[in-house]
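# Sequence unavailable; structure follows:
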């Protein structure tokens, strides 16, 4: 024990401090392709269907538009999530079919949007905690585009 004190004292006086790594949160990123729709564009959408392929992994489903934050501002964007099961940094081929409402009470027009984009790897808690893969696109009046 006494042999450690001179070393600890020397380290403290020299400004050298041994830092332990910050703990990592016990959460994981969901393997979703997320489609964000601005509120003004979401109001006319009656149905949303998506198909995404990443390599040989293809998933498709009818999606529900939900508030981005269920407790937040009602004017916030709407989001839909397509569960990919596994999400990597490989390019995704995404097709989105949108059915809109009409003023006649009949089914409205259907629009088909396609986009190839690459998910983004992020390290929100530091590299020692591992990466999160983010695959987010925006569907608005201009079409479908990757969110930066």
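Happy to help now that I have it. These numbers were taken from a predicted model, which means no experiment stands behind them.
# where along this structure do the helices fall?
4-14, 39-42 (DSSP state H).
# Give me the number of neighbouring residues for residue 64.
Neighbours of residue 64 under the rule other C-beta atoms under 10 Å: 11. Yep, even glycine has a C-beta here, placed from its N, CA and C like the rest.
# can you pull out the strands in this structure?
32-37, 45-54, 57-63, 66-67, 78-83, 92-100, 110-117, 120-122, 132-140, 143-146 (DSSP state E).
# and the last one, how far from the chain's centre?
When distances are taken as C-alpha atoms, centre = their mean, to the nearest Å, strand 143-146 is centred 14 Å away from the chain's centroid.
# Show me which parts of it are buried, residue by residue.
Neighbour-count burial for strand 143-146, counted by 16 or more other C-beta atoms under 10 Å, picks out 144, 146.
# That strand pairs with which strands?
Next to strand 143-146 in the sheet, as set by DSSP bridges, lie strand 132-140 (antiparallel).
# so which of the strands of the chain is the most packed in?
Highest mean neighbour count of these: strand 32-37, a mean of 22 (counted as mean count of other C-beta atoms under 10 Å).
# Ignoring the adjacent residues along the chain, who's closest to residue 65?
Computed as C-beta to C-beta, 6 or more residues apart in numbering, the closest residue to residue 65 that is not its neighbour in sequence is residue 78, at 4.1 Å.
# and that neighbour, what pLDDT?
pLDDT, residue 78: 94.
# That one contacts residue 44, correct?
No: checked against C-beta atoms under 8 Å, the pair residue 78 and residue 44 is beyond contact range at 11.5 Å.
# which residues does the closest residue to residue 83 other than its chain neighbours contact?
Leaving aside its sequence neighbours, residue 83 sits nearest to residue 32 (C-beta to C-beta, 6+ apart; 5.8 Å). For residue 32, the contact set (C-beta atoms under 8 Å, 6 or more residues apart in numbering) comprises 81, 82, 83, 84, 87, 135.
# so the third one makes contact with residue 31?
Yes: under the contact definition of C-beta under 8 Å, residue 83 touches residue 31, with a separation of 6.6 Å.
# Mind listing the residues bridging to residue 132?
Under the criterion DSSP bridges, residue 132 forms beta bridges with residue 122.
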